[in-house]
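Enquirer: got a sequence here, can you model it:
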Amino acid sequence: MNDIISVIVPIYNSEKTLYRCIISILNSVYKELQIILVNDGSTDQSKGICDEIKQKDNRIEVFHLKNGGVSRARNYGLDRARGKFVAFIDSDDFVKPEYFYKLKQGIEQDKCQLSVGSVAHIRNENIEINCIESGQVDFIEKDEKDQKLFLELNQKYLLYGPCNKLYYNYIIKKNNIKFPENIMYGEDLLFNMDYLNYIDKIVYNKEPIYYYDHNSEGSLSQKYREDRFENGIKLNLSIEKIFKQKEFWEEEEKKFVYQRIFDDAYNSIFDLWNPQNTDNCFSKIQRIKYIVNHKEVEESCRYIDKNKYSKKYIWMITNKKPVLFVMLRLLKSRKK
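Expert: Model (predicted):
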């Protein structure tokens, strides 16, 4: 008998895409699947779709929960995963028939502990495939090729989501790796960085393609998040920690991480003028002061991509001018 892959699908109000997602899993050429559908308190027809499609295939297991967030739903699925391997698919998305077969082939043939595939991003009618050349990252040998590919996988965001990957279940369970349930953004990145702590080798194959449908996304990016800056620091420091642990912390890696930190700081400052934020000018000044004086932001100023940002705002951040920043934003708003 082939080894079972436990496929965990967290579901919340996905009636428009859920059937497509599940059918793509059922159409897999690799048949030894445990399909775990975790309905996270949907208020649309998702519950009924799960119950209906469960009758068509005995590999499907359905669990209905009160709404508790995607991390809790994924963790609930992990607790019930009995396969040798674990994969995650979001209910908005779908995969090719050979997807699981190719991921499993890579993880076993190349004696790796994480198998990664490419991602096709669907926006409206456009499909953009995010991929690089196939290869392996060996954290034991650590040659220049390993370091280059690991950086590229980070730069292309191919390591950060839970999808487009195949994990060993025993590594997850042995080390009690979970999705943090107390944050709303980046919990999947933290899960993966935790998993990377315990592995020696990654295989990346650009052939297994995961279709990520952005058309059904919520509006999280438009919401004002008070902890956006702190959350970004936490995520970026977890990336820095992995680079250091794997002994890949050189100038290019520093440039990558600190440009991310500056980008988060820059966007967090501008997000203070999100219509959902009711802070007064004094509070905004204090918040900007806190951000620009943060030691990681101070360090990030050495790595700014000056073509990406307005020069006057770069100057105000690097020279720590929160009052001037707020005054300029007030003047701009009054001119409208």
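Enquirer: which residue ranges form the helices in the chain?
Expert: Listed from the start of the chain, the chain has helices (DSSP state H) covering 18-26, 46-54, 70-79, 99-109, 144-155, 169-174, 187-196, 228-245, 251-270, 281-292, 295-300, 311-318, 322-335.
Enquirer: of all these, which one comes closest to R123?
Expert: Closest of the helices of the chain to R123 is helix 18-26, at 16.7 Å (criterion: Cβ to Cβ). The way it works is simple: take the backbone N, C-alpha and C, and place the C-beta from them, glycine included.
Enquirer: let's test this: name the helix or strand in the chain with the lowest mean pLDDT.
Expert: Ranked by mean pLDDT, DSSP states H and E, the weakest helix or strand in the chain is helix 322-335, scoring a mean of 87.
Enquirer: before we move on, the earlier item: want to try JSON lines for the helices of the chain, with mean neighbour count as columns?
Expert: JSON lines is the format used below for the helices of the chain (neighbours: other Cβ atoms under 10 Å):
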{"stretch": "helix 18-26", "mean neighbour count": "19"}
{"stretch": "helix 46-54", "mean neighbour count": "18"}
{"stretch": "helix 70-79", "mean neighbour count": "20"}
{"stretch": "helix 99-109", "mean neighbour count": "21"}
{"stretch": "helix 144-155", "mean neighbour count": "17"}
{"stretch": "helix 169-174", "mean neighbour count": "14"}
{"stretch": "helix 187-196", "mean neighbour count": "20"}
{"stretch": "helix 228-245", "mean neighbour count": "18"}
{"stretch": "helix 251-270", "mean neighbour count": "18"}
{"stretch": "helix 281-292", "mean neighbour count": "17"}
{"stretch": "helix 295-300", "mean neighbour count": "17"}
{"stretch": "helix 311-318", "mean neighbour count": "16"}
{"stretch": "helix 322-335", "mean neighbour count": "14"}
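Enquirer: tell me how far the nearest residue to I8 once chain neighbours are set aside lies from V29.
Expert: Closest residue to I8 in three dimensions, ignoring its sequence neighbours and counting by Cβ to Cβ, 6 or more residues apart in numbering: G77, at 3.5 Å. According to Cβ to Cβ, to the nearest Å, G77 and V29 sit 23 Å apart.
Enquirer: having no further points to raise, I will conclude here.
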